[in-house]
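In: Here you go, sequence then predicted model.
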Amino acid sequence: MTYVGPINMIVTEAVKKNASDVFTILDPDSGGSGTFSVALSPSGASNATHWGTRTFLEEATYTALKNMSVTQFKAYVDQIAIQRGRNPVGSVTAFKNGVALDEGAFWDFVTAQGLKPVQTSI
Amino acid sequence: MSVSIGEGSPSINAVRRTVKRSRPGGLTMAGFSILSIFAASEKGIWLDPSDLSTVWQDSARTIPGAVNSVVGCLDDKSGNGNNATQGTTANKPILRQSGALYYLEFDGVDDFLITPTITPGINIAQFFAGIRKTTDVARAMLVEFGPSANLTATGGFNVNAPSANGASNFVWTASSGSAIALTGTPFAAGTPYVLTGTLNGAVDSTVFRINAAQVAISAGDLGAAGIAAKALYIGRRDGATLPFSGRVYGLVARFGADLSATQITQMESEMNSKAGAY
């Protein structure tokens, strides 16, 4: 299996659920629902408005994310779901249209998006 | 773009020390084995990324580990079966090799490993690690026993690396119901260190050592609650915040009676043979 990356991705809070559903299928391991785990917001204060991740991706997945239409991407995700015996996701539209992709330094990407890490209060 | 190769190489002296001290099976020239400190069925964990037979790319342990690949499971060599796992690919550290040294590379974003719940059964603990911080820019949690919310009240320990944004330090925090925090400073990012932290809630003793030298000690009250059963988080607090950016060459956490000074020195030598710190 060929991986590329690391790849940075950021989605909004509204898109996080759909993004997690998609990565439950796309992650070769069992924990794809936890992919978007970095809490972000414009001020760094709770609650998170965005969620980020820095991850290696299967080459085919990265190509699909970058180049496919929503319809093509849905077919790709459905195909992976069948291969891995996982439940298909109803729609990929929110995630595919909403994800911001980057190949540089993660925190620079966060800053460029006008975001900061949500600070722990502990 | 592909998975990249690791940074830098260890010094020649570090490699020489590794060759001199390391023997197959973890034996040193003196015949010491890390396994010996778990001989009385002490609870804990021993992680050794240089033993590739213990490294797996997936959390289910079906794909053997490989240099420059993600790590989904690192087997516990203590005999306790407390394998450190990560089932989310985005959160997996990378196994790297630099010369004769092997390490887990944590990205300072979302990488972490977690063990099953460990039941100490005693209010005495020791922690050893060979590590290297990549940066001191942001506060980070190298390890933490248990979720942070009840660390003080229910006992445990953590290592901040560093303890605040821009601080060139490490902080060992220990608790058996009341927390004591010991700071080692200055210890800047970019160089390997061997960290040793001990806590004994029975006699209120907390010690922090870096590179085989004591940097702080306290006889302050550690509390009487003991240390509750928890999981060990490696690389990120609660798997959610304070991501550690850097390398872990080896790590041991043990819940058991105090080790002798000789045993502590031997453990530090073992960690140093993996990290090339001093």
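Out: Okay, I see it.

In: Next, the residue lying closest to A:Asp78 once chain neighbours are set aside: phi, psi?
Out: Spatially, and ignoring its direct neighbours in sequence, A:Asp78 is nearest to A:Pro88 (5.1 Å; CB to CB, 6 or more residues apart in numbering or on different chains). Glycine gets a C-beta too; all of them are placed from N, C-alpha and C. Here is the backbone geometry of A:Pro88 (degrees, to the nearest 10): phi -70, psi 150.

In: Next: A:Leu65.
Out: Dihedral angles (degrees, to the nearest 10) for A:Leu65: phi -60, psi -40.

In: Neighbours of it, how many?
Out: For A:Leu65, the neighbour count with other CB atoms under 10 Å in any protein chain shown is 19.

In: what's near enough to touch it?
Out: A:Leu65 sits next to A:Leu57, A:Phe73, A:Lys96, A:Val99, A:Leu101 when contact means CB atoms under 8 Å, 6 or more residues apart in numbering or on different chains.

In: so B:Arg247 sits in a strand?
Out: Yes: checked against DSSP: H, G, I helix; E, B strand; the rest coil, B:Arg247 lies within a strand.

In: Spell out the residue ranges of the strands in chain A.
Out: Secondary structure of chain A (DSSP state E): strands at A:3-12, A:38-41, A:50-58, A:100-102, A:116-117.

In: Present the ones you listed as JSON lines; the columns should include mean pLDDT.
Out: What follows is the strands of chain A, written out as JSON lines (pLDDT from 0 to 100):
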{"stretch": "strand A:3-12", "mean pLDDT": "96"}
{"stretch": "strand A:38-41", "mean pLDDT": "97"}
{"stretch": "strand A:50-58", "mean pLDDT": "97"}
{"stretch": "strand A:100-102", "mean pLDDT": "97"}
{"stretch": "strand A:116-117", "mean pLDDT": "96"}
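
In: And those: which comes nearest chain B?
Out: strand A:50-58 (3.3 Å; CB to the nearest CB).

In: Tell me which other helices or strands the closest one touches.
Out: Contact partners of strand A:50-58 among helices and strands, from 3 or more CB pairs under 8 Å, 6 or more residues apart in numbering or on different chains; DSSP states H and E: strand A:3-12, helix A:13-26, strand A:38-41, helix A:106-112.

In: mind running it again at 6 Å?
Out: Applying 3 or more CB pairs under 6 Å, 6 or more residues apart in numbering or on different chains; DSSP states H and E, we find strand A:50-58 packed against strand A:3-12, strand A:38-41.

In: With distance to chain B and mean neighbour count added, can I get those in a markdown table?
Out: As requested, the helices and strands packed on strand A:50-58 are exported to a markdown table (distance: least, CB to the nearest CB, whole Å; neighbours: other CB atoms under 10 Å in any protein chain shown):
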| stretch | distance to chain B | mean neighbour count |
| --- | --- | --- |
| strand A:3-12 | 5 | 21 |
| strand A:38-41 | 5 | 22 |
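
In: Tabulate those strands (TSV), appending distance to B:Gln57.
Out: Below are the helices and strands packed on strand A:50-58 laid out as TSV (distance: least, CB to CB, whole Å):
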stretch	distance to B:Gln57
strand A:3-12	10
strand A:38-41	22
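
In: that older thread, restricted to buried residues, select the contacts of A:Leu65 in PyMOL.
Out: Buried members of those, defined by 16 or more other CB atoms under 10 Å in any protein chain shown, are picked up in PyMOL with:
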select buried, chain A and resi 57+73+96+99
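
In: Excluding chain neighbours, what is closest to residue 44?
Out: Reading this off chain A. A:Lys116 (3.7 Å).

In: Oops, wrong one, chain B.
Out: Counting by CB to CB, 6+ apart, the residue nearest B:Gly44 is B:Arg254, at 3.9 Å.

In: Residues touching the helix or strand where the one you found lies, excluding its own?
Out: Assigned by DSSP states H and E, B:Arg254 belongs to strand B:245-255. For strand B:245-255, the surrounding residues in contact (CB atoms under 6 Å, 6 or more residues apart in numbering or on different chains) are B:37, B:42-48, B:103-105, B:108, B:120, B:122, B:125-135, B:232, B:271, B:274-275.

In: List the buried residues for the helix or strand just after it?
Out: Moving toward the C-terminus from strand B:245-255, the next helix or strand (DSSP H and E) is helix B:261-275. Buried residues in helix B:261-275, counting neighbours by 16+ other CB under 10 Å, are found at B:Ile264, B:Gln266, B:Met267, B:Glu268, B:Ser269, B:Glu270, B:Met271, B:Asn272, B:Ser273, B:Lys274, B:Ala275.

In: Give me the angle between helix B:261-275 and strand B:245-255.
Out: Relative orientation of helix B:261-275 versus strand B:245-255 (axes from the mean of the first three to the mean of the last three CA atoms, to 10 degrees): 150 degrees.

In: and stretch B:67-87, what's its mean pLDDT?
Out: For stretch B:67-87, mean pLDDT is 98.

In: er, stretch B:154-173 actually
Out: 96.

In: For the stretch 151-278 of chain B, list the residues in contact with chain A, please.
Out: Residues of the stretch 151-278 of chain B found near chain A (CB under 6 Å from any CB of the partner chain) are B:Thr241.

In: Nearest to chain A: which residue in the stretch 151-278 of chain B?
Out: Nearest residue of the stretch 151-278 of chain B to chain A: B:Thr241, at 4.2 Å (CB to the nearest CB).

In: quick one, phi psi at that residue?
Out: The phi/psi pair for B:Thr241 (degrees, to the nearest 10) reads phi -140, psi 170.

In: Who is it paired with across the strands?
Out: Note on B:Thr241: beta-bridge partners by DSSP bridges are B:Arg237.

In: What is the burial count for it?
Out: So B:Thr241, with other CB under 10 Å, has 20 neighbours.

In: In chain A, where is pLDDT below threshold?
Out: Along chain A, the parts satisfying pLDDT under 70 run over A:120-122.

In: and it, which of its residues are near chain B?
Out: A:3-4, A:27, A:29-31, A:34-35, A:37-38, A:53-55, A:106, A:120, A:122.

In: Chain A contacts on the stretch 1-150 of chain B?
Out: B:1, B:3, B:58-59, B:72, B:87-90, B:107, B:109-110, B:148.

In: Appreciated, that's everything.
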